[in-house]
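>>> have a look at this prediction, sequence included:
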Amino acid sequence: MKDGVNGVALGVFVFFFLAVTVLGFLAARWRRAADEHTLDEWGLGGRSFGTWVTWFLLGGDLYTAYTFVAVPAAIYAAGAAGFFAVPYTILVYPLIFTFLPRLWSVSHRHGYVTTSDFVRGRFGSKGLSLAVAVTGILATMPYIALQLVGIQAVLDVMGVGGGDSANWFVKDLPLLIAFGVLAAYTYSSGLRAPALIAFVKDALIYIVIAVAVIYIPIKLGGFDEIFKAASDKYTAAGAGGLVPAEAGQWTYATLALGSALALFMYPHSVTATLSGRSREVIRRNTTILPLYSLMLGLLALLGFMAIAAGVKVTNGQLAIPQLFENMFPDWFAGVAFAAIGIGALVPAAIMSIAAANLFTRNIYKDFINPDATPRQETKVSKLVSLLVKVGALVFVLTMDKTVAINFQLLGGIWILQTFPSLVGGLFTRWFHRWALLGGWAVGMLYGTIAAYGVASPTQKHFGGSSKEIPGIGEIGYIGLTAFVLNVAVAVVLTFALRALKAPEGVDETSPGDYTADAGDAGVETELPPATADASH
């Protein structure tokens with residue numbers, strides 16, 4: 001590790017940071033609408049993005065600074081088990097091809113801004129909608145915090161702040177500045193800011209990874225030497241070499257499958273999707289997004305390279321920034337650090353917007369001010385987006401980074417429990433609204449209690465996301481076990497409630513809504529549901 005501040009790397013980092021800051025504020029003038037004071041405009045970019053803008057936005061949304069830092073860090077620490085992120089991103093794209101176009105169509109037809117909007121309209125249940133909204137907000141908060149952790153890791157390696165001898169203000173000042181800039185341009189430009197910045201972010205990431213997988217192996221003697229060094233480390237540690245031990249295979253498989261099911265349940269994934277201008281844009285994106293999985297596989301190899309390069313860090317999240325610092329010329333290390341830093345800004349902005357939209361549409365408008373105007377909705381959403389980011393910043397500054405990571409794992413368990421309501425509702429109205437709410441409650445309760453009982457070397461509770469699967473005896477992903485319980489309870493309760501003839505709730509959608517495109521004749525989004533139904 002180099003002593004002091006890496007001035008050259010810091011200079012390059014600041015240059016790119018300033019460039020995207022300017023882009024963030026200029027985005028307010030990009031595709032400007034006649035009426036900017038609506039959630040469609042501020043929170044969804046006017047639903048006007050084409051294939052490539054949506055592709056970069058979704059990529060910037062899903063492949064975050066935390067991905068850049070944590071995936072290779074997991075491989076650096078645990079071996080091939082850390083590769084679970086690669087198969088799960090392969091599994092997710094055929095899955096979303098089946099339901100994302102349907103979600104886009106019905107949301108466009110009825111003006112839905114959030115998943116909770118759809119759940120309320122489909123099942124006629126504000127209670128179920130509230131459950132989905134609260135789950136989304138809770139799951140998103142630690143995810144935003146982890147983006148700030150990614151920025152902090154880069155700043156630490158560059159020698160900016162972070163020193164234990166410095167007072168808290170000096171130590172955290174760079175992060176506070178980054179937060180302030182992020183908050184300002186998100187407030188002013190809404191979703192257009194991360195959409196525009198995503199071009200820069202993804203270009204930098206592709207350049208850095210392409211250079212890294214060629215340049216670093218040359219310096220280390222080739223991939224043979226890299227894999228040998230990694231294998232020797234894992235074997236010495238009793239981890240069984242490069243292949244996960246048999247005892248960990250259930251964990252690997254269930255974590256990959258559960259993560260694939262959960263990824264597009266997150267509010268920010270849906271927000272980016274609904275910003276597309278047509279159904280075909282979404283279909284095309286599900287076919288070209290796997291290009292990011294190729295990038296992710298190459299990124300994961302950096303964990304092996306860090307081992308071969310002899311990187312020694314007490315915090316695994318610093319392994320890859322430290323690898324860049326050690327192996328690259330200072331100027332290109334600055335480019336790599338900028339890729340990670342900007343890779344935090346884009347998803348953090350989208351996540352805060354998505355959480356704010358959930359609060360505004362499904363808590364504020366449904367329960368506090370039903371007569372809120374579009375201008376009032378937009379104002380509340382802007383303010384809540386600031387509060388969400390402040391909460392994430394406080395989380396990062398006051399709690400251990402391991403806590404932030406483990407709460408993000410808990411968020412993944414939670415968000416998976418919204419799958420039956422969202423994806424199930426897109427294909428069938430068979431589930432009873434109260435049964436879905438009961439299944440959600442059981443899944444949330446089991447998942448939270450099971451995760452609470454998991455300890456780690458640094459935490460007594462919430463120390464991981466894997467535990468013994470009841471009835472099977474293998475260690476598996478808690479979220480997937482909770483999901484199975486969730487579906488089982490929803491099915492049983494649906495039979496029971498239908499037998500009791502419990503009230504179903506009003507479905508404001510119609511079959512044609514799920515295949516409609518932007519150019520189809522019929523309903524405009526501002527028309528009331530009754531008119532929309534009558535047109536079909």
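Yes, it's here. Remember, predicted model here, so these are calculated numbers, not experimental data. Residues are numbered from 1 along each chain as shown.
>>> for stretch 305-312, the distance to its chain's centre please.
28 Å (C-alpha atoms, centre = their mean, to the nearest Å).
>>> buried set for that stretch?
M305, A306, I307, A308, A309, V311 (16 or more other C-beta atoms under 10 Å). In short, each C-beta sits where N, CA and C put it, glycine included.
>>> just stretch 63-70 next, same as before
Within stretch 63-70, the residues scored as buried using 16+ other C-beta under 10 Å are Y63, T64, A65, Y66, T67, F68, V69, A70.
>>> and the gap between the fourth one and R47?
This means Y66. Separation of Y66 from R47 (C-beta to C-beta, to the nearest Å): 28 Å.
>>> how about the first one?
In this view, Y63 and R47 are 23 Å apart by C-beta to C-beta.
>>> and for the second one?
Separation of T64 from R47 (C-beta to C-beta) stands at 23 Å.
>>> got a list of contacts for stretch 68-80?
81-83, 85, 146, 149-150, 153, 205, 230, 234, 239-244, 296, 299-304, 306-307, 311, 316-317, 319-321, 339-340, 343, 405 (C-beta atoms under 8 Å, 6 or more residues apart in numbering).
>>> among those residues, which lie within helices?
85, 146, 149-150, 153, 205, 230, 234, 296, 299-300, 302-304, 306-307, 319-321, 339-340, 343, 405 (DSSP state H).
>>> residues contacting the residue nearest to the spatial centre of the chain?
When C-alpha atoms, centre = their mean is applied to the chain, the residue found nearest the centroid is L62 (5.2 Å). Shown in contact with L62 (C-beta under 8 Å, 6+ apart): T89, L263, S269, L289, Y292, P347.
>>> rerun that using 7 Å as the cut-off
L263, S269 (C-beta atoms under 7 Å, 6 or more residues apart in numbering).
>>> next one: it, what pLDDT does it get?
We have a pLDDT of 79 for L62.
>>> next up, phi/psi of E504, please.
Backbone torsions for E504, taken as degrees, to the nearest 10, come to phi -80, psi -30.
>>> what's the neighbour count on it?
15 (other C-beta atoms under 10 Å).
>>> how about the strands in the protein?
For the chain, applying DSSP state E gives strands covering 466-468, 475-477.
>>> packed most tightly, which of these would that be?
Of those, the one with the most neighbours on average (mean count of other C-beta atoms under 10 Å) is strand 475-477, at a mean of 23.
>>> chain center to it, what's the gap?
So, by C-alpha atoms, centre = their mean, the centroid of strand 475-477 is 22 Å from its chain's centroid.
>>> and the pLDDT at the closest residue to A518 other than its chain neighbours?
Here the nearest residue to A518 in space, its sequence neighbours aside, is S278; by C-beta to C-beta, 6 or more residues apart in numbering that works out to 4.6 Å. According to the per-residue confidence, S278 scores 92 in pLDDT.
>>> where does the stretch 351-500 of the chain dip in pLDDT?
401 (pLDDT under 70).
>>> recalculate using a threshold of 50.
Within the stretch 351-500 of the chain, not a single segment meets pLDDT under 50.
>>> with the chain instead?
Applying pLDDT under 50 to the chain flags the ranges 165, 523-536.
>>> can you get me a residue count around F83?
Neighbours around F83, by other C-beta under 10 Å: 22.
>>> how close does it get to I90?
In terms of C-beta to C-beta, F83 sits 11 Å off from I90.
>>> could you do G512 as well?
To I90, G512 is 33 Å away according to C-beta to C-beta.
>>> just T287 next, same as before
T287 sits 13 Å away from I90, taking C-beta to C-beta as the criterion.
>>> neighbour count for these two, which is higher?
I90 (16 against 11).
>>> isn't the more buried one up against S293?
Yes: judged on C-beta atoms under 7 Å, I90 makes contact with S293 at a distance of 5.5 Å.
>>> out of the strands of the chain, nearest to R102?
Among the strands of the chain, strand 475-477 comes nearest to R102, with 26.5 Å by C-beta to C-beta.
>>> parallel or antiparallel, list what pairs with that closest one.
Applying DSSP bridges, strand 475-477 is found paired with strand 466-468 (antiparallel).
>>> can you tell me what sits against the partner strand?
Contacts with strand 466-468, where a contact means C-beta under 7 Å, 6+ apart, come from T251, L255, A450, V454, I475, G476, Y477, I478.
>>> try it again with 6 Å
For strand 466-468, contacts defined as C-beta atoms under 6 Å, 6 or more residues apart in numbering pick out T251, A450, V454, I475, Y477, I478.
>>> do the same with stretch 193-205
Residues outside stretch 193-205 that contact it (C-beta under 6 Å, 6+ apart) are 20, 23-24, 27, 45, 53, 56-57, 59-60, 185-186, 339, 342-343, 346, 349-350.
>>> so which bits of that stretch are buried?
Of all the residues in stretch 193-205, those buried under the rule 16+ other C-beta under 10 Å are A193, P194, A195, L196, I197, A198, F199, V200, K201, D202, L204, I205.
>>> those residues: which two are farthest apart?
A193 and I205, at 18.1 Å, using C-beta to C-beta across these.
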